[in-house]
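sharing a model prediction with you, sequence too.
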Amino acid sequence: MENVDYILSADYVLHMDENLTVIKDGAIAVTDTKIFDVTTSEEIFRKYTPRTIIDGKGKVVFPGLINTHTHAAMVYFRGIADDLPLKEWLENHIWPAEDKWLNPEFISDAIELACLEMLKGGVTTYNDMYFYEDAAGEATKRIGMRAVLGVGLLDFPTKSAKTTDEYFANAESFIKGWKDDTLITPCIAPHALYTCGPKTLMRARHVAEIYDIPIHIHLSETRWEVEEIQKKQGMRPVEYLDSIAFLDQKVLAAHCVWLRDNEIEILAKRGVGVSHCIESNLKLSSGIAPVVGMLRAGVKVTFGTDSAASNNDLNVLSEMSTAAKLHKAVSGDTTALDAKTALLMATRWGAEVLGLGAITGSIEKGRAADLVMADLNKPHLIPIYNIYSHIVYSMRPSDVDMVMVDGKVVVNDGKLMTADESEILRKAKKWSDAIRKT
């Protein structure tokens, strides 16, 4: 018998591989950071001797969920300015608050709270666009979470940079510092077409090519944005980005609400990934992205929460449930976004659009051991006829029992193992008290 670090057993093991394999009474052998084997529990225990057994009787194991669009440190602005249109919310409330409060200490403390929330909800990887990302990377790595982090680029001064050159200097310094990290993947993050001109966009494109990293951008989030770009460029946003050769498989486009059929075809042709942020879009009245049309065209659509300042949480389980239900109603087709597809969007496709498909997103031999174990012995999860339906339509973050990232248990029995939860909450309350007084 071969020695392994862990054996995780469960009533159900969901591979989320190409065949969407489900193993009943399955188990996973983990050695170091990797999945060493996955098959039936009987076979795993026959072949391997574990250092630690994680018993999943009455539980399900699935790949860690992936949040493909957020501004994680904005968790400290949760509820600061609700029930407002996006433009007013952003320009009159969020940007002034950022100008006053953002600094590396704020980012570090806020990221700890965001990671705590996401991990306890089964999210093992997130894709971020914000500022002071060195502080974000250090906090994320300390907690033990996986992330793709992008230093935001804008064509106007903010607290983090005064000129375009300074934004790019910050971005390249961050990229060089984190390029070979096992948990943190740097990316380049031009904010949007209405905040970044052609030179900034193409310079970002060039940086992505030099360092072979992803590009993270907001795209066609609001009707106002589309009309603004049409006025300036004579084309719709997707058409314009295609005309300047910006779009390819490196690009992850957040929102993509206001698309026409020809724009969907462009995204599919160029292999652009899309992050669908349904709850933020609904709350900000931005509109409803044509997800069914994108899926039918072959676009890989994934799930993002956007920030906790506009959502107001970082709950990918909720995003799946809301999206799967809403798109049935909008399309008039109950099969439009089924539970299997929703979970695929939240796991394997999420990894693939971030360039991490060979690392995470599925439970397969050689992949990183980024795993979630959830307790099925709950009133809202009994009886079980279809495990996919249960996860998408019924599961809550409080059902998450254990989370492993890169072969390390970071949540056990619903509690964070890598930091003091009470201290994270204490710091959050301290910052919120200060913000409230201004």
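Cool, got the structure.

from here on, just use CA atoms for contacts and neighbour counts.
Fine.

helix or strand with the lowest mean pLDDT in the chain?
helix 86-89 (a mean of 84; mean pLDDT, DSSP states H and E).

buried residues in the next helix or strand after it?
Per DSSP states H and E, the first helix or strand lying C-terminal to helix 86-89 is helix 95-101. Using 16 or more other Cα atoms under 10 Å as the test for burial, helix 95-101 gives A97, E98.

what's next to helix 95-101, contact-wise?
With contacts defined as Cα atoms under 8 Å, 6 or more residues apart in numbering, helix 95-101 is touched by T158, K159.

which elements pack onto whichever helix or strand comes after that helix?
Remark: after helix 95-101, the chain's next helix or strand is helix 104-120, criterion DSSP H and E. Judged by 3 or more Cα pairs under 8 Å, 6 or more residues apart in numbering; DSSP states H and E, the packing partners of helix 104-120 are helix 133-143, strand 400-405, strand 408-412, strand 415-416, helix 421-436.

how about the ones you listed, which one is nearest S362?
strand 400-405 (12.6 Å; Cα to Cα).

returning to that earlier point: and for the least confident helix or strand of the chain, what's in contact with it?
A81, D82, L284, S285, S286.

what would the helices and strands packed on helix 104-120 look like in TSV with mean pLDDT?
Listed next are the helices and strands packed on helix 104-120 as TSV, based on pLDDT from 0 to 100:
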stretch	mean pLDDT
helix 133-143	98
strand 400-405	98
strand 408-412	98
strand 415-416	98
helix 421-436	97
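
give me whichever of these is most buried.
Of all the helices and strands packed on helix 104-120, strand 400-405 carries the top mean neighbour count, a mean of 26, counting by mean count of other Cα atoms under 10 Å.

quickly run through the sheet partners of it, with directions.
Its sheet considered, strand 400-405 pairs with strand 371-375 (antiparallel), strand 408-412 (antiparallel) by DSSP bridges.

and the helix or strand where P186 lies with helix 133-143, angle?
According to DSSP H and E, P186 maps onto strand 184-190. Orientation of strand 184-190 against helix 133-143 (axes from the mean of the first three to the mean of the last three Cα atoms, to 10 degrees) gives an angle of 150 degrees.

elements contacting the following helix or strand past strand 184-190?
For strand 184-190, the succeeding helix or strand toward the C-terminus, using DSSP H and E, is helix 198-211. Using 3+ Cα pairs under 8 Å, 6+ apart, the elements in contact with helix 198-211 are helix 164-178, strand 184-190, strand 215-219.

before we move on, the earlier item: rebuild the strands paired with strand 400-405 as TSV, extending it with distance to A346.
Shown next, in TSV, are the strands paired with strand 400-405 (distance: least, Cα to Cα, whole Å):
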stretch	distance to A346
strand 371-375	13
strand 408-412	19
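
closest to H15 out of these?
Nearest to H15, of these and by Cα to Cα, is strand 371-375 at 10.3 Å.

touching that closest one from outside, list them.
56, 58-64, 122, 124, 363, 399-405.

distance between the following helix or strand past that strand and the chain's centre?
Where DSSP H and E defines the elements, the next helix or strand beyond strand 371-375 is helix 387-389. Chain-centre distance of helix 387-389: 21 Å, with Cα atoms, centre = their mean, to the nearest Å.

quick one: list the elements packing against helix 387-389.
helix 339-346.

packing partners of the helix it packs on?
Looks like helix 339-346 contacts strand 65-70, strand 301-303, helix 316-331, helix 387-389 (3+ Cα pairs under 8 Å, 6+ apart).
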